[in-house]
Structures are given as structure tokens and as C-alpha cells.
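>>> fold the following for me, if possible:
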Amino acid sequence: MISDDVDLVFHALEEHYMGKPLDYINKCWEENKSGARITLIALYDQKFAGWLHLLSTSYYPYFVDEGIPEINNFEVVPTLRRKGIGNALMDAIEQISFDKYGIVGIGVGLYYDYGNAQRLYVKRGYIPDGRGVFYEGKYAEPGRFVQIGHELALYLTKEKPAGR
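Prediction:
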């Protein structure tokens with residue numbers, strides 16, 4: 001991400017009904033400058049096609065404790081999915097993470113809107129971190145009720161393959 005990408009991303013996300021507040025996109029740029037985040041942007045036919053972020057310090061407690069960076073806010077324009085854009089972004093961000101940390105983590109939602117992401121992460125070799133599902137800042141415990149939504153996630157990790 002470079003400073004000129006702030007407006008590009010903002011307008012492209014709005015155009016595809018994937019909008020994010022301009023303040024959030026500016027925050028991403030500031031965190032790229034500070035090194036707290038790496039944002040990769042994909043273009044297709046010279047237009048915005050998607051983006052993802054690597055947080056050096058995750059919001060997820062287990063990743064924080066273990067020093068595992070987190071892939072965050074991974075989005076590909078819906079009309080451009082199934083063209084290899086998401087895999088290209090993942091290849092690039094995994095390589096960056098493996099070179100620096102030897103491991104990478106990601107969280108995924110548990111309802112149908114996340115179905116494509118769930119399948120992609122499994123195909124790419126991600127495995128659950130073994131701590132169960134996470135809901136509103138806490139691990140879900142037996143007998144606790146949770147609501148299916150964006151706050152319910154399963155976290156996965158992938159280690160650097162041997163020989164890389």
C-alpha cells in the first residue's frame with residue numbers, strides 16, 4: 001500500500017458495496033508506515049480487485065501470546081472472485097509472514113457468508129489452533145450461548161513449509 005492507494009481503495013470498495021470508512025483506510029495507511037500492518041492491494045485490468053492485511057500484532061489473544069501475525073480483512077471484489085486473485089494475495093502475504101515469523105494466523109467466520117473463505121484456507125493448509133471458537137473477545141465455553149454473526153470465529157494457523 002502506498003499513500004495514493006487510500007482514495008483508490010475507498011472509492012473501489014464503495015463502488016462494489018464493500019465500503020469501509022475513509023478513517024479506517026487512512027488508519028491502515030498509517031499502520032503501514034509504522035510497520036504495524038502490511039497491506040497488499042491487487043489490481044485486475046488496472047482496477048482495484050482486492051486487498052488483505054498482515055497485522056504484526058493480532059487482536060486475538062492466543063496469537064498475541066505466541067507472536068503470531070494475523071491475516072486480517074481479506075476481501076476480493078465479488079465479480080472478480082475465482083480468478084486466482086485471492087490465492088495470489090495469500091501467496092504473497094504468506095511469504096512475507098513466513099520470511100519474518102515462520103508462521104501466520106487467520107480468523108474465519110462460521111456462517112455461510114464465509115464458506116468460500118473456509119474452503120480456501122483449508123485447501124491452503126491452514127489448521128485450527130485448537131482453542132475452539134472465539135466470540136466477542138472470549139473463548140466459547142460449553143453451555144454458553146453465542147450468536148452466529150461476524151463476532152463468532154475460528155482461528156487457524158499455517159507454518160512455513162519445510163525447505164522454504
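>>> sticking with the residue nearest the centre of the chain, tell me its helix or strand.
The centroid of the chain falls nearest to Asn72 when counting by C-alpha atoms, centre = their mean (2.6 Å). Here Asn72 sits within strand 70-76, counting by DSSP states H and E.
>>> please apply the same query to Lys33.
Judged by DSSP H and E, Lys33 forms part of helix 22-34.
>>> tell me which residue of this protein is furthest from the middle?
Distance from the C-alpha centroid of the chain, by C-alpha atoms, centre = their mean, peaks at Gly143 (29.5 Å).
>>> if I pick that one, what's in contact with it?
For Gly143, no contacting residues are found, by C-beta atoms under 8 Å, 6 or more residues apart in numbering. To be clear about C-beta, it is placed using only N, CA and C from the backbone, and glycine gets the same treatment.
>>> I'd assumed it was in a strand, is it?
No - counting by DSSP: H, G, I helix; E, B strand; the rest coil, Gly143 is not part of a strand but coil.
>>> gap between it and Tyr135?
13 Å (C-beta to C-beta, to the nearest Å).
>>> what about Phe134, how many neighbours?
Using other C-beta atoms under 10 Å, Phe134 has 20 neighbouring residues.
>>> same check on Glu70?
Applying other C-beta under 10 Å, we find 22 residues neighbouring Glu70.
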